[in-house]
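**Student:** My questions are about this predicted structure, shown below with the sequence.
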There are 2 protein chains.
Amino acid sequence: MRADAQRNRDRIVEVARLVFREQGYDASLDLIAKQAGVGPGTLYRHFPTRDDLIDAVMQAWVDHVQETADKALAHEGAPRDLLLHWFEEYVRLISVHKGGPAKITGAMGDESSPIRSKCEVLQAASGRVLDELRAEGAVRDDVTPLQVARLVGGVATVADSSDLELATVRPMLEVIADGLLT
Amino acid sequence: MRADAQRNRDRIVEVARLVFREQGYDASLDLIAKQAGVGPGTLYRHFPTRDDLIDAVMQAWVDHVQETADKALAHEGAPRDLLLHWFEEYVRLISVHKGGPAKITGAMGDESSPIRSKCEVLQAASGRVLDELRAEGAVRDDVTPLQVARLVGGVATVADSSDLELATVRPMLEVIADGLLT
DNA sequence: TGCTAAACGGAGACAGTCTCCGTATTGTCG
DNA sequence: CGACAATACGGAGACTGTCTCCGTTTAGCA
C-alpha cells in the first residue's frame, strides 16, 4: 500500500473509533470521512461496508479480550463464581460501544461477516473458560460454547438497548450460570 | 374522527401489517403510505413515529398472545415441560416479524415506548405461567417475570438476527429453564 | 346550500449511503 | 533527475428514506 493511503486509512480508523464510541455504530460514515479530512470516496474505497470499518476499529479491542479471559481463568474460587465473573466480563467487553452486543452476537456464526474474525477471539476465550470448567465436570456438556455465547450475548443485547444496570443484569446471568452448572 | 380519516387510518395499518411481515420493521414508511394510496403527510399525521404505527399493527397480535398463554397453562405435564413449552411459544410469538424480538424486548420496561402497552399483555401472560409454577414451588422466586422475559427475549433476538432454527434455540431455552427451576 | 373545521397529499428540505471519474500524488525506471 | 504508469484522492451528485409545511379538498353540520 502506498504511504499516503496507509496514512489516510489509519486516520479514518482513529476517527471512527472516537465517533463510534460517542454515537454508536450507526454514526454517519460521511461525517467520519469529513472529520478524518478525506472524501467519502476514500473512506468507501478502504472500507466498502460499514462492517469493514467496524472490524478495523475492533482490532485493538481484541487484545483486551484476550487479557480479560486470562484474568478470568486465573480467578480462584468455585466454578459458579468463575463462570459468573466471566459472564460479567463478557457482557462488559461486548458492551463498550452502544449497539455492540447486537452487532457482535449477530455476527457470531455468520461466515460472511467480516466482524466474525474478531468474534472468534471472543469465542475462543469463552471456550477456554468453559473447557476449564468442563474438565472439572462442573458444567453440562450438551451445550456448545456458541450457544453459551448467544445466551449471554442475548442478555447483553437486551441490557444495551434497555440501558440496564449491572445489578439488573447479574441475576439474569445467574440463571444462565445455574442452568449450565451440573 | 371523521369517516374518511378513519378509513385511511385503517388502510394504512392493514398495508403496514403486510409490508412489515415481508420486509421487517424498518421498511420505508413512505412506501407504505404510497401502497395505502395516501400521501406521506397523512401517514405521519396518524402515526407520528414508526413505533406508533407498529403499535397499531400489533393490536391484533395481542389477542393471539392471550390465547397462546391460555393453551400453555392448560398444558398437562411436568413443570419443566410447561416452562419449556411456554418459552418456545414466547419466542415464536415475538418472532412473527423480522426484528420483532429486538423491538419488543427493548421496549419492555421502557415507560415512554408506545409499544410497551402491548408488551404488558405479553408480560402478564408470562406472569401467569410463572405464578402457576411458583405456586407449586417449582421455580426460584428471586427472579422477576421481567427478567425472565428479557432472558428469553434475548435468546429470541439473537435467534432472529442470526436466523437460527428452533432446534438450535431449544437447548438455550433449556438452560434458562433449568436455571430457573428449583 | 354554504360554511368551517378537519383532513389530505405531495413538493421539497434534509440527511445518509455510495459511486463515478477527472485530478493529483507516489514511486519506479531509464 | 525527470517522466510515466499505477495508485489513490475527493467531491459532485444520484439515490433512498424521513419528515414537514401549507395550499387544496372534503365531510358534516346548520
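**Tutor:** Noted; the coordinates are in hand. Given the structure is predicted, the values throughout are model-derived calculations rather than measurements.

**Student:** who touches residue A:125 in this structure?
**Tutor:** A:65, A:66, A:68, A:69 (Cβ atoms under 8 Å, 6 or more residues apart in numbering or on different chains). Any C-beta I mention is one placed from the backbone N, CA and C, and that applies to glycine too.

**Student:** Which helix or which strand is home to it?
**Tutor:** In this structure, residue A:125 is located in helix A:116-135 according to DSSP states H and E.

**Student:** Show me what counts as buried in whatever helix or strand comes next after that helix.
**Tutor:** Once helix A:116-135 ends, the next helix or strand along the chain (criterion: DSSP H and E) is helix A:145-162. Of all the residues in helix A:145-162, those buried under the rule 16 or more other Cβ atoms under 10 Å in any protein chain shown are A:145-162.

**Student:** Can you read off the pLDDT for residue A:60?
**Tutor:** Predicted confidence (pLDDT) at residue A:60: the value is 75.

**Student:** roughly how far apart are it and DNA strand D?
**Tutor:** Separation of residue A:60 from DNA strand D (Cβ to the nearest atom of the strand, to the nearest Å): 21 Å.

**Student:** Pull up the gap between that residue and residue A:104, please.
**Tutor:** Going from residue A:60 to residue A:104 by Cβ to Cβ, to the nearest Å gives 15 Å.

**Student:** do the same with residue A:76
**Tutor:** 29 Å.

**Student:** which one of these two has more residues nearby?
**Tutor:** residue A:104 (26 against 6; other Cβ atoms under 10 Å in any protein chain shown).

**Student:** Name the nearest residue to the more buried one, ignoring sequence neighbours.
**Tutor:** residue A:94 (4.8 Å; Cβ to Cβ, 6 or more residues apart in numbering or on different chains).

**Student:** for residue A:62, same thing?
**Tutor:** Using Cβ to Cβ, 6+ apart, the closest residue to residue A:62 is residue A:121 (4.9 Å).

**Student:** For residue A:52, give me its contacts.
**Tutor:** By Cβ under 8 Å, 6+ apart, the contact list for residue A:52 reads A:46, A:114.

**Student:** Let's see that with 7 Å instead.
**Tutor:** Applying Cβ atoms under 7 Å, 6 or more residues apart in numbering or on different chains to residue A:52 gives the contacts residue A:114.

**Student:** Let me know the secondary structure of it.
**Tutor:** Secondary structure assignment for residue A:52 (DSSP: H, G, I helix; E, B strand; the rest coil): helix.

**Student:** With DNA strand C as the reference, measure out to it.
**Tutor:** Distance of residue A:52 to DNA strand C, computed by Cβ to the nearest atom of the strand: 10 Å.

**Student:** so which strand or helix has residue A:65?
**Tutor:** helix A:50-74.

**Student:** Report the separation between the most centrally placed residue in chain A and DNA strand C.
**Tutor:** Against the mean C-alpha coordinate of chain A, by Cα atoms, centre = their mean, the closest residue is residue A:94 at 3.5 Å. Residue A:94 is 22 Å from DNA strand C, where distance means Cβ to the nearest atom of the strand.

**Student:** Isn't that residue up against residue A:103?
**Tutor:** No. Using Cβ atoms under 7 Å as the test, residue A:94 is too far from residue A:103 to be in contact (8.4 Å).

**Student:** For residue A:73, grab the count of nearby residues.
**Tutor:** Neighbour count of residue A:73, defined by other Cβ under 10 Å: 14.

**Student:** Pretty sure it sits against residue A:128.
**Tutor:** Yes. Between residue A:73 and residue A:128 there is a contact under Cβ under 7 Å: 6.3 Å.

**Student:** per the record, what domains does chain A have?
**Tutor:** A:1-48, A:51-180 (automatic domain parsing).

**Student:** measure the last one end to end?
**Tutor:** When you say that, I think you mean domain A:51-180. 32 Å (Cα to Cα, to the nearest Å).

**Student:** go on, stretch A:96-116?
**Tutor:** 17 Å.

**Student:** Report the rounded mean pLDDT for it.
**Tutor:** Averaged over stretch A:96-116, pLDDT sits at 84.

**Student:** how about it: buried residues?
**Tutor:** Buried-residue list, stretch A:96-116, by 16+ other Cβ under 10 Å: A:97-109, A:113-116.

**Student:** taking these one by one, which sit in strands?
**Tutor:** Among those, no member falls in strands (criterion: DSSP state E).

**Student:** can you tell me if the helix or strand containing residue A:7 touches DNA strand C.
**Tutor:** Taking DSSP H and E as the criterion, residue A:7 maps to helix A:3-23. Yes. Helix A:3-23 reaches DNA strand C (Cβ under 7 Å from any atom of the strand) through A:3, A:4.

**Student:** Could you list every helix and strand in contact with the helix or strand that that helix is followed by?
**Tutor:** Downstream of helix A:3-23, the next assigned helix or strand under DSSP H and E is helix A:29-35. For helix A:29-35, the packing partners by 3 or more Cβ pairs under 7 Å, 6 or more residues apart in numbering or on different chains; DSSP states H and E come out as helix A:3-23, helix A:40-46.

**Student:** Buried residues, helix A:29-35. List them.
**Tutor:** Neighbour-count burial for helix A:29-35 [16+ other Cβ under 10 Å]: A:29, A:32, A:33, A:35.

**Student:** OK, contacts around the first one?
**Tutor:** Contacts for residue A:29 (Cβ under 7 Å, 6+ apart) come out as A:43, A:50.
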